[in-house]
Each structure stands twice: as C-alpha cells, then as structure tokens.
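*Asks:* Need the 3D shape of this:
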Amino acid sequence: MEPYHYGRERGALERRFDETAKRDGRRARTELLELGLLLAALGFRDLVCVAEGAEEAALDPQRATALSAAARGRDPRRLREAAERCEEARMSLEVNVTEDLALEALGYRLSTLVGSA
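*Replies:* Residues are numbered from 1 along each chain as shown. Below you'll find the predicted structure:
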C-alpha cells in the first residue's frame, strides 16, 4: 500500500476513536445527571416525610433535624410534586431529551413548587 492510503485509514480510525470518546462522555454525563436527579427526588421524599411528621419513614432519619428546618412551612403536596418532577426529568433523559432542556424545565418547575431556601 502506498503512504496515501495509510494516512486516510489513520484519519478514519482517529475519527472513529473521537466519536466513541464523545459517545462515552455523553453516556457518563447522562448517568451522572440521572444519579443527581435520583438523589434530589429522594431528598424531596425525605422532606415530605419530615413535613408530614413521619421522620422515621425518611430514608436518612439521622438528618431529620436538619431536614425539619428545610421542611418547615412547606406544603408536603408541593414537596411530593417536586420529587415527582425530579423523577420525570430523570426518566426523560432515558428517551434522549436534551439534558440542558430537561434541567432547565425542571429548574423552573421546582422554583415554582418550592422556591429557594
């Protein structure tokens, strides 16, 4: 084979490696976002437990005291809905919704539901 073909094959191989690396990076980022959204949903679930007076039902009952300050004055139904919205956003990532769009929509919904601390 002449050198021209080696260069072309090398370029094609480099492009394949780059595409694979990008796909792997996107997959890792999506998995990290899914984990973060799951943890947020579970955090809201614990807030619901504390707001409803069922601290013992929280997944992390040792944090009940810290959570009670965050849950004070909040509507448990809105906290429950916030947990559901986090789970919906997590599930939307599985059907290839743009991550930025899913997180932006979630941010607006959570801000409306629970506001900021």
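
*Asks:* Next secondary structure element downstream of the helix or strand of the chain with the lowest mean pLDDT?
*Replies:* The least trusted helix or strand in the chain, going by mean pLDDT, DSSP states H and E, turns out to be helix 64-71, with a mean of 83. Toward the C-terminal end, the helix or strand that comes next after helix 64-71 (DSSP states H and E) is helix 76-94.

*Asks:* and that next one, C-alpha only, in PDB?
*Replies:* Extracted C-alpha coordinates of helix 76-94, given in PDB (Å, rounded to 0.1, in the frame of the first residue of the first chain):
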ATOM      1  CA  PRO A  76     -46.000  18.500  51.700                       C
ATOM      2  CA  ARG A  77     -48.000  18.100  48.500                       C
ATOM      3  CA  ARG A  78     -45.800  20.500  46.700                       C
ATOM      4  CA  LEU A  79     -42.700  18.700  48.000                       C
ATOM      5  CA  ARG A  80     -44.100  15.400  46.800                       C
ATOM      6  CA  GLU A  81     -44.700  17.000  43.400                       C
ATOM      7  CA  ALA A  82     -41.200  18.300  43.300                       C
ATOM      8  CA  ALA A  83     -39.900  14.700  43.900                       C
ATOM      9  CA  GLU A  84     -42.100  13.600  41.000                       C
ATOM     10  CA  ARG A  85     -40.800  16.300  38.800                       C
ATOM     11  CA  CYS A  86     -37.200  15.200  39.500                       C
ATOM     12  CA  GLU A  87     -38.100  11.600  38.700                       C
ATOM     13  CA  GLU A  88     -39.800  12.700  35.500                       C
ATOM     14  CA  ALA A  89     -36.700  14.700  34.400                       C
ATOM     15  CA  ARG A  90     -34.600  11.600  35.200                       C
ATOM     16  CA  MET A  91     -36.800   9.400  33.100                       C
ATOM     17  CA  SER A  92     -36.900  11.900  30.200                       C
ATOM     18  CA  LEU A  93     -33.100  11.500  29.900                       C
ATOM     19  CA  GLU A  94     -33.700   7.900  29.000                       C
END
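
*Asks:* Please state the mean pLDDT value computed over that helix.
*Replies:* Average pLDDT, helix 76-94: 90.

*Asks:* thinking again about what came up before, can you list the residues that contact the least confident helix or strand of the chain?
*Replies:* The contact list for helix 64-71, computed with C-beta atoms under 8 Å, 6 or more residues apart in numbering, reads 46-48, 50-51, 55, 58, 79, 117. Quick note: C-beta positions are derived from backbone N, CA and C, even for glycine.
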